[in-house]
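K.L.:
model the following, please.
(chains A and B)
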Amino acid sequence: MPSLRRAALLVLVIAAGVAAVLAARVATAPQRASDAPGAVAVRQGRLLATFDLSEAFPPDLQRQLANGLTHVVALHVSLVPEKGDAPAAIYGRTIEILYDVWKEAFQVTVKDPEHPSGRQLSLAGWKELRPFLAEAREVDLAPASILGGGTWVAVARVELDPVSEELLDRTRELIANPRAAPGTDGGSPSVLGAMASYLLRAGQPVPGVHFFRSRPFTVEGGTVR
Amino acid sequence: MRPSRFELKIALALVLAVVVPLLAALWLAARLAEENLAFGLNPRVIDSLESTPALFGDLFHARKELYAEQARAIAAGLPADRSLAARYLEGALRRTPRLRRIAWLDASAAPIAEAEADWPNPEGEWREAPARATLPSGEILEAVFAIEARFFADLDEVREIAETYQSAGLLRADIQRSYVRAFGLVLVAFALLAGTAGTLLARRTTRRVSDLVRAVRELARGNLTVRVDPGTAGDEVAGLARAFNEMVREVREGRDRIVYLEKISGWQEVARRLAHEIKNPLTPIQLAFQQLEARFRASPGGDPELARLFAETGEIVREEIGTLQRLVEEFSGFAKLPEVRPEPSDLGLFVEEFLRTSPQVAEAADVEVVRASGECPVALDRALMRRVLANLLRNAEEAARPGRARIHLGVSRTQDRAVLAVGDEGPGIERDVRPRVFDPYFTTRRDGTGLGLAIVKKIVLQHGGEIEVGDRPGGGALFTLAFPLAGRPPR
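P.N.:
Residues are numbered from 1 along each chain as shown, chains lettered A, B, ... in the order given. Now for the predicted structure:
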């Protein structure tokens, strides 16, 4: 299963790249983008991006995240030329959030390049969870040396409950064998359902995508300007 | 093989016949999928499912509150005399439902007294739910209650179902599209299967129709030997092929009949002129010779040598004149064959009557007559048909020479023909000669004129009949004459 998780993560990272490129092209005035909520710095030769993502996690989101179901927050940060082109670097992080109604605490699993198999956290409540989600601090993007000249922008894309491959697979299982209870081997497979599950593709992304941009910057002499 | 236009049209018709209901079925499938998804993924149901874990949360919260209250109640009743604490805790354990373990701890968490229930939990039916009450003295009463483990199992299951339906709800439009695509693929597969099967079945018919078209074109180019295989089917196309073959056969036989009669007419004209040209000088020659012979006999004291020569040559002249006169008669007879005037008759009765009124036949040959069928009503010109029978029987007699001929006559009928068979036991007719035996002036005999069988065939054809020559089973020649039964059109 770890290999599956890595594959899912890889898919998410690639999807993030595509999304980031699209975002960069429309980034001049994205509908829900915040103005320069991000900052980029160079430390020990590496580009580190920090974003304030609080706009993506308004207070009224608490009710949704605490409903006892698993939620996923996908964060993708890309480094793109200001004029819009292929990203020079991409960072991906997924955060699975499950409110444990017995323990009355958020069980959080963070998967990122540093922890591809996941890092477990337990956060007591919304007051701890929101700051955790709202800040992407010092995201390690790439060595500063890869940027060369030109003006760059760091773009963060935050998506709540994205249509992931895992979600698609779960839905495929449901429609391939609709008589079986989810998670069991019972029922009998449906031929039409099996075909439909094979043909199932995610269409438009679900609402709930937020973009955040840093100010345009250049890297000169090992510092960001 | 390149498909014909007819095949293409049928294939197109099949495709149209399939595509129209296919589109309607696709539309229905889309509506059906939409309605089923609206029913199965009802947002209210999904909302209810999503809120179910929160209900479990409320349940757990209530249980925690209850257990905390019970712990506080037990703490409130703790005896001042600590020696009674263990008994008090054991009593509380018995009194309090779901209480599994209880401990009275001092401020440093060291146990003052504790008690534990001994009821088992072999299959993990219970999970521990701790509750704690702090005493004003800083001491702690720590209780462990049991909560049903099935709540957590149910919660996990409900959460999984809710998450599954939530994701399905998010992908509802995509699911609908995938169902329509799947349904479309199934329908297209079935349509292709039906179209292919239909085309293959139709091809069996269209190929036969194409064969018929080709045969008709061949016929139009004058090829009267063309034939279409009707196959083993009993459908209209097979019937059409059989009718076509029958039509071609009739056309061919009609043409052969016309050609033969035209040829015979030409030869009749030749015979008429020959008879005329021979007959004209023959009579003066005969008269002059008779006059010369009479004068010679009347003159007395003639030369005896001359008289002997005159007698010998006179014999030769008379014989040759007789031969020429017989030729002239035969040519004249052939040239002046009368028109057929048929009358209703019965072929079998006619044959028997002919033999009864022709005693010379029985004198010259042994004749056997077999009537295989009952009545054979035909329209015959009795005089001409007597000539036909006479010629055929004469041929049979001559074929048996120098022996006595044995002749077999058979009368029978088929569905639409009356058949007369005349067979002998002679040497038969060579196969390569048969196509010419009915040609005028063709003969294999030294003294034959070659007119007998030509006259026979002409008379038979004029009756609307046919004549064939072949081998008689057992040896000899067999002439088969077929006439249309009365009341049926001649071929």
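K.L.:
quick check: the residue in chain B positioned nearest to chain A vs B:Arg177, distance?
P.N.:
Of all residues in chain B, B:Pro53 sits closest to chain A, at 2.4 Å by Cβ to the nearest Cβ. Using the backbone N, CA and C atoms, a C-beta is placed for each residue, glycine as well. The spacing between B:Pro53 and B:Arg177, counted by Cβ to Cβ, to the nearest Å, is 30 Å.
K.L.:
what do you get for B:Thr323?
P.N.:
107 Å.
K.L.:
which of the two has more neighbours?
P.N.:
When B:Thr323 and B:Arg177 are compared for neighbours, B:Arg177 comes out ahead with 18 against 11, by other Cβ atoms under 10 Å in any protein chain shown.
K.L.:
which SS class is the more buried one?
P.N.:
helix (DSSP: H, G, I helix; E, B strand; the rest coil).
K.L.:
gap between stretch B:384-393 and the chain center?
P.N.:
48 Å (Cα atoms, centre = their mean, to the nearest Å).
K.L.:
circling back to that earlier point, the residue of chain B closest to chain A reaches B:Val158, doesn't it?
P.N.:
Yes. Counting by Cβ atoms under 8 Å, B:Pro53 touches B:Val158, with 6.4 Å between them.
K.L.:
now do the SS call for B:Leu478.
P.N.:
strand.
K.L.:
who touches it in this structure?
P.N.:
B:421-423, B:469-472 (Cβ atoms under 8 Å, 6 or more residues apart in numbering or on different chains).
K.L.:
which two of the residues you listed have the greatest separation?
P.N.:
B:Val422 and B:Asp471 (13.2 Å; Cβ to Cβ).
K.L.:
who has more neighbours out of those two?
P.N.:
Neighbours were counted for B:Val422 and for B:Asp471 using other Cβ under 10 Å; B:Val422 has more, 26 against 14.
K.L.:
surely that one and B:Asn391 touch.
P.N.:
No. Taking contacts as Cβ under 8 Å, B:Val422 lies outside contact range of B:Asn391: 9.9 Å.
K.L.:
where's residue 153, which helix or strand?
P.N.:
This is for chain A. strand A:152-160 (DSSP states H and E).
K.L.:
not quite, go with chain B.
P.N.:
helix B:149-170.
K.L.:
which neighbouring elements make contact with that helix?
P.N.:
Helices and strands touching helix B:149-170, by 3 or more Cβ pairs under 8 Å, 6 or more residues apart in numbering or on different chains; DSSP states H and E, are helix A:165-176, helix B:43-76, strand B:126-134.
K.L.:
burial count for residue 38?
P.N.:
Using chain A. A:Gly38 has 21 neighbours, counted by other Cβ under 10 Å.
K.L.:
nope, chain B please
P.N.:
For B:Ala38, the count of nearby residues is 12 (other Cβ under 10 Å).
K.L.:
tell me where the chain has helices.
P.N.:
Here I'm looking at chain A. Taking DSSP state H as the criterion, chain A carries its helices at A:2-25, A:61-65, A:126-134, A:165-176, A:191-199.
K.L.:
wrong chain, I was asking about chain B
P.N.:
B:5-40, B:43-76, B:85-95, B:149-170, B:172-220, B:236-298, B:304-335, B:347-356, B:359-364, B:382-400, B:452-462.
K.L.:
what's the end-to-end length of stretch B:401-419?
P.N.:
The straight-line separation of the ends of stretch B:401-419 (Cα to Cα, to the nearest Å) is 27 Å.
K.L.:
name the surrounding residues that touch that stretch.
P.N.:
Applying Cβ under 8 Å, 6+ apart, the external contacts of stretch B:401-419 come out as B:347-348, B:351, B:355, B:364-373, B:376-378, B:393, B:396-397, B:399-400, B:420-426, B:472, B:480-485, B:488.
K.L.:
over to stretch B:428-436?
P.N.:
Against stretch B:428-436 from outside (Cβ under 8 Å, 6+ apart): B:437, B:442, B:444, B:469-472, B:475-477.
K.L.:
widest-spaced pair of these?
P.N.:
Longest span within these, Cβ to Cβ: B:Phe442 and B:Gly475, 23.1 Å.
K.L.:
the residue nearest to B:Leu282 when sequence neighbours are not counted: neighbour count?
P.N.:
Leaving aside its chain neighbours, B:Leu282 sits nearest to B:Leu324 (5.5 Å; criterion: Cβ to Cβ, 6 or more residues apart in numbering or on different chains). If you count neighbours by other Cβ under 10 Å, B:Leu324 ends up with 16.
K.L.:
make sure B:Leu324 is actually in contact with B:Ile278.
P.N.:
Yes. Between B:Leu324 and B:Ile278 a contact is recorded at 5.8 Å, counting by Cβ under 8 Å.
K.L.:
pull the contacting residues for residue 139.
P.N.:
In the absence of a named chain, chain A is used. A:48-51, A:77, A:91, A:93.
K.L.:
oops, wrong one, chain B.
P.N.:
By Cβ under 8 Å, 6+ apart, B:Glu139 lies in contact with B:104-107, B:112.
K.L.:
now do the buried residues in stretch B:364-374.
P.N.:
For stretch B:364-374, the buried set under the neighbour-count rule, 16 or more other Cβ atoms under 10 Å in any protein chain shown, comprises B:364-365, B:367, B:371.
K.L.:
from start to finish, how long is stretch A:190-208 in a straight line?
P.N.:
33 Å.
K.L.:
stretch B:469-477 too?
P.N.:
7 Å.
K.L.:
chain center to that stretch: distance?
P.N.:
On Cα atoms, centre = their mean, the centre of stretch B:469-477 falls 39 Å from the chain's centre.
K.L.:
which other residues reach that stretch?
P.N.:
Against stretch B:469-477 from outside (Cβ under 8 Å, 6+ apart): B:396, B:399, B:408, B:423-429, B:434, B:437-438, B:478-480.
K.L.:
how about a cut-off of 10 Å?
P.N.:
The contact list for stretch B:469-477 (Cβ atoms under 10 Å, 6 or more residues apart in numbering or on different chains) reads B:392, B:395-396, B:399-400, B:405-408, B:421-429, B:431, B:433-435, B:437-438, B:453, B:457, B:478-480.
K.L.:
just the buried ones from the contacts of stretch B:428-436?
P.N.:
By neighbour count, with 16+ other Cβ under 10 Å, these hold B:437, B:469, B:472, B:476-477 as buried.
K.L.:
pLDDT for those - can I get that in JSON lines?
P.N.:
Shown next, in JSON lines, are the buried ones among the contacts of stretch B:428-436 (pLDDT from 0 to 100):
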{"residue": "B:Val437", "pLDDT": "90"}
{"residue": "B:Val469", "pLDDT": "94"}
{"residue": "B:Arg472", "pLDDT": "93"}
{"residue": "B:Gly476", "pLDDT": "92"}
{"residue": "B:Ala477", "pLDDT": "94"}
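K.L.:
and which of these is nearest B:Arg150?
P.N.:
For the buried ones among the contacts of stretch B:428-436, the nearest to B:Arg150 is B:Arg472 (105.8 Å; Cβ to Cβ).
K.L.:
roughly how far does that closest one sit from A:Asp169?
P.N.:
90 Å.
K.L.:
do the same with B:Phe244
P.N.:
66 Å.
K.L.:
these two: which is more packed in?
P.N.:
Shown here are B:Phe244 and A:Asp169; by other Cβ under 10 Å, B:Phe244 has more neighbours (19 against 15).
K.L.:
picking up where we left off before, grab the two from the contacts of B:Glu139 that are most spread out in space.
P.N.:
Top of the distance list for the contacts of B:Glu139 (Cβ to Cβ): B:Trp104 and B:Ala107, 11.5 Å.
K.L.:
give me the common contacts of those two.
P.N.:
B:135, B:139-140.
K.L.:
would you mind giving those residues as a markdown table with pLDDT and distance to B:Glu339 added?
P.N.:
Shown next, in a markdown table, are the shared contacts of B:Trp104 and B:Ala107 (pLDDT from 0 to 100; distance: Cβ to Cβ, whole Å):
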| residue | pLDDT | distance to B:Glu339 |
| --- | --- | --- |
| B:Leu135 | 91 | 150 |
| B:Glu139 | 92 | 151 |
| B:Ile140 | 93 | 145 |
